[in-house]
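K.L.:
the following comprises the amino acid sequence and a computationally predicted model.
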Amino acid sequence: MASPAFLAMSRFRRRRYEECVDLCSEILAENPYDKAIWLLKTQALTAMTFIDDSDLEELGIADAVMDDNATASMPRPGTSLNGDNASGKGSSLDRVMRPMSNAGRPNSGFVRPSTQNGMRPGTGETPGSRAALESAMRKTGSSRPGTSRPVTALGRHVRLGTASMRAESDGPFIDVSRMDLQKYAHRPTLARALCEFLLYHDHNARKALELAAEATSACNFEDWFWKSRLGKCYYLLGLYRDAEQQFKSSLRTQQSVDTFLDLGKVYLRLDQPQNALDAYAQALEAFPGSTAVLTAKARTYEMMRDGDQSLRAFKDVLRHDPSHVEAIASLGAHYFYSDQPEIALRFYRRLLEITQSTESASGSARSYASTELWNNVALCCFHSGQYDMTMRCFENALASADDSNMADVWFNVGHVGVSLGDLGFAYQCFKVAVSIDPQHVEAYNNLGVLEVRKGNQEDAAADFAQARSAGSFAYEPCFNGALLAYKRGDFPTSLRLAEASRVLFSDHPETLELVEMLRAKLV
Amino acid sequence: MDDGTSTSGGVGKLTSMLRRDYKECLRLIETQLKSCDGMCEYPLYVKGLILRGQGKVQEALELFQAATLLNPSNHANLKQVGKCLFLLGKHSASIDVLDEAMLCARREDWEIQHNKGLCFMFLKEYEKALEAFQTANSIQRHDSTFVEMGKIYTATGDLKRAIEVYLEALEFSPDNPELLTTVGLLYLRDGENFKAFEYLGNSLTRDPRNPKTILAAGSVIQDHSDMDVALVKYRVAAVKTPNSAQLWNNIGMCFFGKARHVAAIACLKRSLYLDPFQWITAHNLGLVFMHTTQYASAFHYLSTSINLKPSFAASYMYLAIVLSRLEDAESAVAAYEKALQLDPDDPVCHLNFASTLHNIGERERARAQFQSYTILCSRMTSDERRALMETCAELHTQVSKMLQVN
């Protein structure tokens, strides 16, 4: 029989954290003052709830609406993440070529928290306005998956915190409120573990800040670790300027990839993407070929809607890590939307191979993201002329789909119907899509277009109106509605809708032409 | 309120209106309306004009109606009520009001007649609309009236009359690029490419960046197989309308003409991505794939084209050729028959049909098809025959040899 302490450590190293924690609890029950075991348990608990926080998290409603961190309300082009909604022209991020997510941003190839909800509420709205709040609330209430946001940015952390508390049956392991943090601050090893525990397990940024402040003064402000942790705490508390200072000072003492990423995150939150890119460039000088930094760079370019640069960065990522899922997916999406479905197909096939090999390795019945993947493979097959594969891939996608993504698959099947000229089939597909997801803007819009072709103007107008009420991010239903109203001779409605379309997509030549014509009529 | 203030208020209003300073103008109007309890006609009228310009037509209508109540004899008010009703889509009500305005007016007014014509147009009573427009023109000639008349003739399919109307308008204002473009387009539809190009070129010298004109002119140039010049023209248009499906279609066909099939396919596919309902693009894509001997893809796009536009005979013929290459003789014959049913006077179709029939061993029917082909050829003028021989001389000699030898 091995020593229990050794067994616990072995389990920790084998990443069997739960068993490790159980064993540690037993040992601690016998000897509550065993520091080594206490340290081990703290680390095990932290590792259980650890999340990769190097990516920008979603913004809560309150943060989004009362956001006053961005300095310029009318930023110069290329200096803001809220950039002009018409930019990205010529690249694969062009609005006409690539559909929008319901945050009013181009669809990304890979879903992350910040791509779904957008950095800040819709581009046409000023922060703090009533409309912004309403749209943020509506996004919460809509039935689309991935859109429910917490009320504040800390919301997710608080939720995670409560979730990890609940898991412990006999009260919290460490009761921070009764702890003498100053005492711990002079024991560097214990203090570090405790700080990580507070940040990643308890999600108690305030206490972690206290500890970090004590510790950093205890070591004469010379330890990069404490400075970077201070920055993290400040970031979580929303004190971005303080966070920036701490990260920078930490980097002066010791450069590390994590700190660079955190610094970039602060700049992005402050809506200063250029500074973030500078930070990443420094990081790449110190750590050439770090995929984490390269990915962050690519994401930033994508958020700035600079398709070409983002593409280059993702390619760099792939050069250093050939099985980087996000890079493969993003490149696939890029090639698909720039008229090269054959190449996109190769990327998606590679993804399919990766997921299937991990699936067979782990033996789980359901591989992750397979619905979306099959759907994308099907679309690529269809557009590159491999018709025999298309429907089989869609069948695969539908077989593994659930309510959250089935509507999108049907929508795409409908598109294939349109491309085949089989409009009856397409109509039915779009109907199925809206029956699954009554908020599916694109499907309603396309139903409207099909109705116009059939000559049912009333039904078409109703469909466009439904599409507009389901989501305010797409310009298509506005423009189509305006055009329909114009043809029917209802000029005021047409002008209203055309103006709405222009707000959403200020460079759309057809909208501009329509507005001009209407203005001439009304004067 | 004495006369002095009223005129100065009126002048202030006018100048601010001329300067398009509507905010200031509305403020002046409000003070004046307050001072006379809203019982003043002219401020109401001007406010109505401003609101209508901002798209608030319903509110403008109410203001004009109020002005009419104050002074029922002024036809200007009634005229604006009629126009508002028209803008709101209440066409028959608008006609009634405009008739009333005509009775009030002491002299004839072209605008009333013009608006009446527009209302009739939306009600699809084209005869009456034309009548109204003609009266309007006899009072005073305006480009817009001519344009509307032209639209009616185009809608009823009377291209010759439409062209006449536009030419009349051009006499009146020879420098209007839009009129020139429209005339050019109509000649193009009528098949008079040379005249069309003349007008389109004229229009381009006045407005060299209009994407519509460039597209039309480019297509004429393309028809004369001058692909490089057409591509240069399209490059100008692409800056303004980068997402125009028609533009990409034409660019694709330019590349096809230069035998650069891959570029052609890419452009046509982009066009189809932007507008999946364009049957002609699907048809073109089918043709290109046929040339690259990718018959399955060609079949796919041709069948799409037929689904969207079942009445285009050439699509069936190409479909039949593709099917025969895919060795589905039965369907190929059916497709040929359908094509001939739609357009029995197409010699090329008869010739292709004969070739296919011969290849599957039906010599008798092949000979019959070849015969109808020769009959159709003999009816042609020498120019037409030469053009035909340019395209299918090889096939002609092949088929005739095969059938003669047997």
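P.N.:
Now that the structure is in, tell me what you want to look at. As the structure is a prediction and not an experimental result, all values here were calculated from the model.
K.L.:
any idea which helix or strand carries residue 391?
P.N.:
Reading this off chain A. According to DSSP states H and E, A:Met391 maps onto helix A:387-400.
K.L.:
hmm, no, I was thinking of chain B.
P.N.:
helix B:382-405.
K.L.:
my guess is B:Pro347 contacts B:Phe370, does it?
P.N.:
No - contact criterion CB atoms under 8 Å: B:Pro347 and B:Phe370 do not qualify, at 10.3 Å. For the C-beta atoms, the positions are set from N, CA and C on the backbone; glycine is no exception.
K.L.:
who has more neighbours out of the two?
P.N.:
Legend: neighbour count by other CB atoms under 10 Å in any protein chain shown for B:Pro347 and B:Phe370, higher for B:Phe370 (23 against 20).
K.L.:
SS state for the more buried one?
P.N.:
Each residue gets one of three states, and B:Phe370 gets helix by DSSP: H, G, I helix; E, B strand; the rest coil.
K.L.:
now do the same contact list for the residue in the stretch 251-400 of chain B that chain A sits nearest to.
P.N.:
Closest approach between the stretch 251-400 of chain B and chain A, counting by CB to the nearest CB: B:Asn307, at 2.9 Å. When contacts are counted by CB atoms under 8 Å, 6 or more residues apart in numbering or on different chains, B:Asn307 touches A:420-423.
K.L.:
could you rerun that using 6 Å?
P.N.:
For B:Asn307, the contact set (CB atoms under 6 Å, 6 or more residues apart in numbering or on different chains) comprises A:Gly421.
K.L.:
any idea how far B:Met253 is from it?
P.N.:
Relative to B:Met253, B:Asn307 is positioned 21 Å away (CB to CB, to the nearest Å).
K.L.:
pop the domain breakdown of chain A in here.
P.N.:
A:1-48, A:475-523 (automatic domain parsing).
K.L.:
is chain B within reach of the last one?
P.N.:
Translated: domain A:475-523. Yes - shown here: domain A:475-523 in contact with chain B (CB under 6 Å from any CB of the partner chain) through A:489-492, A:495, A:509, A:522-523.
K.L.:
and the residue of the stretch 51-200 of chain A nearest chain B?
P.N.:
A:Val96 (4.3 Å).
K.L.:
hmm, who's touching the helix holding A:Met391?
P.N.:
Here helix A:387-400 makes contact (CB under 6 Å, 6+ apart) with A:370-371, A:374-375, A:377-378, A:381-382, A:409, A:413.
K.L.:
do that again at 10 Å, thanks
P.N.:
With contacts defined as CB atoms under 10 Å, 6 or more residues apart in numbering or on different chains, helix A:387-400 is touched by A:345, A:348, A:352, A:366-367, A:369-384, A:386, A:401, A:405-406, A:408-410, A:412-413, A:416, A:420, B:296-297, B:299-300.
K.L.:
which of these are buried?
P.N.:
A:345, A:348, A:352, A:367, A:369-384, A:386, A:401, A:405-406, A:408-410, A:412-413, A:416, A:420, B:297, B:299-300 (16 or more other CB atoms under 10 Å in any protein chain shown).
K.L.:
in helices, which of the residues of domain A:475-523 next to chain B appear?
P.N.:
Using DSSP state H, the members of those that fall in helices are A:491-492, A:495, A:509, A:522.
K.L.:
looking at those residues, which is nearest A:Cys233?
P.N.:
For those, the residue nearest A:Cys233 by CB to CB is A:Pro509; the value is 49.8 Å.
K.L.:
wait, that closest one sits on B:Thr241?
P.N.:
Yes - the pair formed by A:Pro509 and B:Thr241 meets the contact definition of CB atoms under 10 Å, at 5.1 Å.
K.L.:
more neighbours, those two?
P.N.:
Neighbours were counted for A:Pro509 and for B:Thr241 using other CB under 10 Å; B:Thr241 has more, 18 against 13.
K.L.:
per-residue confidence at the more buried one?
P.N.:
We have a pLDDT of 85 for B:Thr241.
K.L.:
need phi/psi at it.
P.N.:
Torsion angles at B:Thr241 (phi, psi; degrees, to the nearest 10) stand at phi -120, psi 80.
K.L.:
repeat that for A:Ala474.
P.N.:
As for A:Ala474, its main-chain torsions (degrees, to the nearest 10) stand at phi -100, psi 140.
K.L.:
hang on, it packs against A:Asn445?
P.N.:
Yes - with contacts counted by CB under 10 Å, A:Ala474 reaches A:Asn445, the gap being 6.8 Å.
K.L.:
name the residues contacting each of those two.
P.N.:
Common neighbours of A:Ala474 and A:Asn445, counting by CB under 10 Å, 6+ apart, are A:467-468.
K.L.:
thanks a lot, see you next time.
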